Every structure is written in C-alpha cells, then in structure tokens.
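>>> no sequence for this one, just the structure:
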C-alpha cells in the first residue's frame, strides 16, 4: 500500500528542488556565457541558452601561455601534494593505530591539540620563510602535508580492521611495512580513495597560500590566475601575465567563464573513477566498530 503524501513531504520536496535550482542554474549560466560571443555575453541578453554559439573563448585560453602554465602548475602541485599527503597520513595513522607504539597517547594528544589551536598566518609565514621555501611549490605542499582530522579518521579505520590479520602476517614473518603495504592498504581502498579525492580538491583549489608564498606569477596555479582574470589588478603581476589578463578582460565574461569551466574539468574527470569508493569511504572510519 502506498504511503500517503503529506503537506510536509510536498514542502520538503519543494525546498530540495529550490536548493537544486540555486546550484544548477548558475552552473548552466556559466556554460552558456562561455559558449557565447563577447557581444552577447557583455550585453547579458540571455540566461541559460546562448543566442549564438562560439568557441572563441576556448580557442583563446588554449593558446594563452599564462593560462596553460598555470594549469601545468596546478597539476604538478596537486599530483605531488596528494602523494605526499597520502604517504604521511597513512603511515602516521597506521603507527598511531597500534597500541604497542611508545608515546602513542602523547602523540595523539599533540595531534588533537592542533585541531583546536593554530599559530596563525604570520607565524606560519615566518616558519616557511625561515625554511627557505618562499617562491617554491613546497611552500604550498608541506604546510598542508597532513591534518589532524585526516589522521584521526584513517587511524579509526585501521583500528576497525581485525587484529587477527596482523597476527597472521607476523607469524609468517612479515614486518610492519610489509603488513601495511600487503595487508592493510589493499583493505583500505575506500578510505584511501576518499581522502585522495579530498586532497586533490584541496590542492587544486589552493589560492591563499599561492598568493602569499609565490612571488613569481609564472609559478601561480590556476586559482590565483582565475581571480586575476575576474578582477584585473595588473600592477601586482608581470607584464606577460598582465597582458593575458587584460586581453581576457577585453574579450569579456565569456573568457572568464570558460576559464572557470576548464579549471573544473580535471577534478570532474577524476571523480567518476573514485566515486564507487567515495560513498563507502566517507562513512568508514568515522566511528570505530
């Protein structure tokens, strides 16, 4: 027997549809503007369907050296940063999941402390500068190489694995590294894939650290350049970058929106390969079984 639809169900459905529209419509508008000629996009004479289709914005971006360089920089930072983050988070979480590790409780307390208290922007900048990392990609990668929340969740997942697996591997003569790479990691694909996606999105969307630590605009990732294309401030960038940004502004919002779409593509392309692990991995490790 079908359940009766109440007024609350109808209201909830309407609210969900409204929220979906507030997310989808701006995205459709960005797509429409990116495929529209500059004259129509500047005039704002359409909403989600262009009056005329054009690929000029994409042709320009794929020939603009500054844009291509920033994409290459973002790919490099994301790839290296994700690998570093995974290695540090997994190895540290695995060590903290073992009760026989000396000083385990102190390290857990120390890590938890960083979730509550943080030195702030100025001390972080002074540390990065003292290490000689200014104007280096490592200034973006190393300060974000791991996080207390990530370690806690991955550690909780490792603790939920049966201890009998470790014991059987030790009886066969396996060491801790062999157990980690041959037993634990193959069983941890959902949680690893989930955090890999989190780390990739984090590094790909990096903006604040890049602006602070990278003085050379040729090393900028994609996000600072997008900001520069949307809000031109040529006095803060080099001549070539200023030229590209100014040309983008002259071509109108179609180039700006095309750049936004192209910047989204890598993450959107990777997500389907990790999606089958994402729903499961997002829940695993949140509570200890």
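On my side now, so go ahead. Because the structure is a prediction, the values reported are computed rather than measured. Residues are numbered from 1 along each chain as shown.

>>> And the next helix or strand past whatever helix or strand residue 87 lives in?
Following DSSP states H and E, the helix or strand that holds residue 87 is helix 65-96. Per DSSP H and E, the first helix or strand lying C-terminal to helix 65-96 is helix 104-116.

>>> Which residues does that following helix contact?
With C-beta atoms under 8 Å, 6 or more residues apart in numbering as the test, helix 104-116 has contacts from 95, 96, 98, 148, 149, 151, 152. Placement of C-beta: from N, CA and C, glycine included.

>>> how about 7 Å then?
96, 148, 149, 151 (C-beta atoms under 7 Å, 6 or more residues apart in numbering).

>>> For residue 202, give me phi and psi.
phi -60, psi -50 (degrees, to the nearest 10).

>>> Find out how far the helix holding residue 87 is from the centre of the chain, if you would.
Computed by C-alpha atoms, centre = their mean, to the nearest Å, the chain-centroid distance of helix 65-96 equals 10 Å.

>>> where does the protein have low pLDDT?
Low-confidence segments of the chain, defined by pLDDT under 70: 1-3, 5, 39-46, 231-252, 275-289.

>>> mind giving me the domain ranges of it?
The record's domain parsing of the chain by automatic domain parsing lists 1-54, 56-283.

>>> Burial-wise, tell me which of those domains comes out on top.
For these, average neighbour numbers computed from mean count of other C-beta atoms under 10 Å are highest in domain 56-283, which has a mean of 17.

>>> Give the helix, strand or coil label for residue 215.
Secondary structure, DSSP: H, G, I helix; E, B strand; the rest coil: residue 215 is coil.

>>> Run through the residues that contact it.
Per C-beta under 7 Å, 6+ apart, neighbours of residue 215: 134, 135.

>>> Check what contacts stretch 60-78 and list those residues.
137, 140-141, 200, 203-204, 206, 218-222, 225, 240-241, 244, 251, 255, 258-259, 262.

>>> three-state assignment of residue 264?
helix.

>>> any idea how far it is from residue 271?
10 Å (C-beta to C-beta, to the nearest Å).

>>> Now do the contacts for residue 36.
By C-beta under 7 Å, 6+ apart, the neighbours of residue 36 are 46, 50, 52, 54, 254.

>>> Please compute how far the strand or helix carrying residue 18 lies from its chain's middle.
Applying DSSP H and E as the criterion places residue 18 in helix 7-34. Averaging C-alpha positions (C-alpha atoms, centre = their mean) puts helix 7-34 24 Å from its chain's average.

>>> same for it, what does it pack against?
Packed against helix 7-34 by the contact rule (3 or more C-beta pairs under 7 Å, 6 or more residues apart in numbering; DSSP states H and E) you find helix 253-283.

>>> Against which helices or strands is the helix it packs on packed?
By 3+ C-beta pairs under 7 Å, 6+ apart, helix 253-283 packs against helix 7-34, helix 38-43, helix 56-63, helix 189-204, helix 222-230.

>>> mind putting those helices in CSV, distance to residue 122 included?
Formatted as CSV, these follow (distance: least, C-beta to C-beta, whole Å):
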stretch, distance to residue 122
helix 7-34, 36
helix 38-43, 41
helix 56-63, 36
helix 189-204, 22
helix 222-230, 20
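
>>> closest to residue 175 out of the ones you listed?
helix 189-204 (20.8 Å; C-beta to C-beta).

>>> Now do the closest one against helix 65-96: the angle between them, please.
Note on geometry: by axes from the mean of the first three to the mean of the last three C-alpha atoms, to 10 degrees, helix 189-204 and helix 65-96 are set 140 degrees apart in direction.
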